[in-house]
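> Fold the following and give me the result.
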Amino acid sequence: MVEVLILSIGLNPFLQLLAVALLEALARGQPVLASRDTNIEMLPEWNQLEPLVTFLADPSDVAALEAALENLLDSDPGITAASARIVAHYHWDALIEEYLEPIESLFARIPTRDTRSDE
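Presented below is the predicted three-dimensional model:
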């Protein structure tokens, strides 16, 4: 069974600019079919990801969608592994660690009661 993420968010102003579900699917090594409205092209890694992601210019073009799905289902499994490596730093564990490091560093510099000099 092939798990595939197909994501087209449309022009909804209440949705985030870059769909987290897209990053999660890439990080899991799932084949991804994305359209321009997902803003995947905004990723700094887009030049590396572009050949690995099935990209649909117009999600309303049913014939193009059908062709893209067929292409996606026939894609090399190595492609999904490569995309997972490229976006691994977007994985939640990595993001949490990245955000916690400066916070922990800051708290480490704050003197505790035991280390403050008595006045």
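> show me the contacts for the most centrally placed residue in the chain.
In the chain, the centroid-proximal residue (CA atoms, centre = their mean) is Leu23; its distance is 1.6 Å. Contacts for Leu23 (CB atoms under 8 Å, 6 or more residues apart in numbering) come out as 87, 90. Heads up, the C-betas are built off the backbone N, CA and C, glycines and all.
> Now do it against Arg113, distance only.
42 Å (CB to CB, to the nearest Å).
> where do the helices sit along this protein?
20-27, 46-49, 62-73, 77-86, 92-109 (DSSP state H).
> tell me what the last one is packed against?
For helix 92-109, the packing partners by 3 or more CB pairs under 8 Å, 6 or more residues apart in numbering; DSSP states H and E come out as none at all, with no helix or strand in contact.
> export it as PDB, just CAs?
What follows is helix 92-109, C-alpha atoms only, in PDB (Å, rounded to 0.1, in the frame of the first residue of the first chain):
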ATOM      1  CA  TRP A  92       9.200  18.000  15.300                       C
ATOM      2  CA  ASP A  93      11.900  16.500  17.400                       C
ATOM      3  CA  ALA A  94      14.500  18.600  15.600                       C
ATOM      4  CA  LEU A  95      12.400  21.800  15.700                       C
ATOM      5  CA  ILE A  96      11.800  21.400  19.400                       C
ATOM      6  CA  GLU A  97      15.500  20.900  20.100                       C
ATOM      7  CA  GLU A  98      16.400  23.900  18.000                       C
ATOM      8  CA  TYR A  99      14.000  26.100  19.900                       C
ATOM      9  CA  LEU A 100      15.000  24.700  23.300                       C
ATOM     10  CA  GLU A 101      18.700  25.200  22.900                       C
ATOM     11  CA  PRO A 102      18.800  29.000  23.200                       C
ATOM     12  CA  ILE A 103      16.200  29.000  26.000                       C
ATOM     13  CA  GLU A 104      18.200  26.400  28.000                       C
ATOM     14  CA  SER A 105      21.400  28.400  27.300                       C
ATOM     15  CA  LEU A 106      19.700  31.500  28.600                       C
ATOM     16  CA  PHE A 107      18.400  29.900  31.700                       C
ATOM     17  CA  ALA A 108      21.900  28.300  32.400                       C
ATOM     18  CA  ARG A 109      23.400  31.800  32.600                       C
END
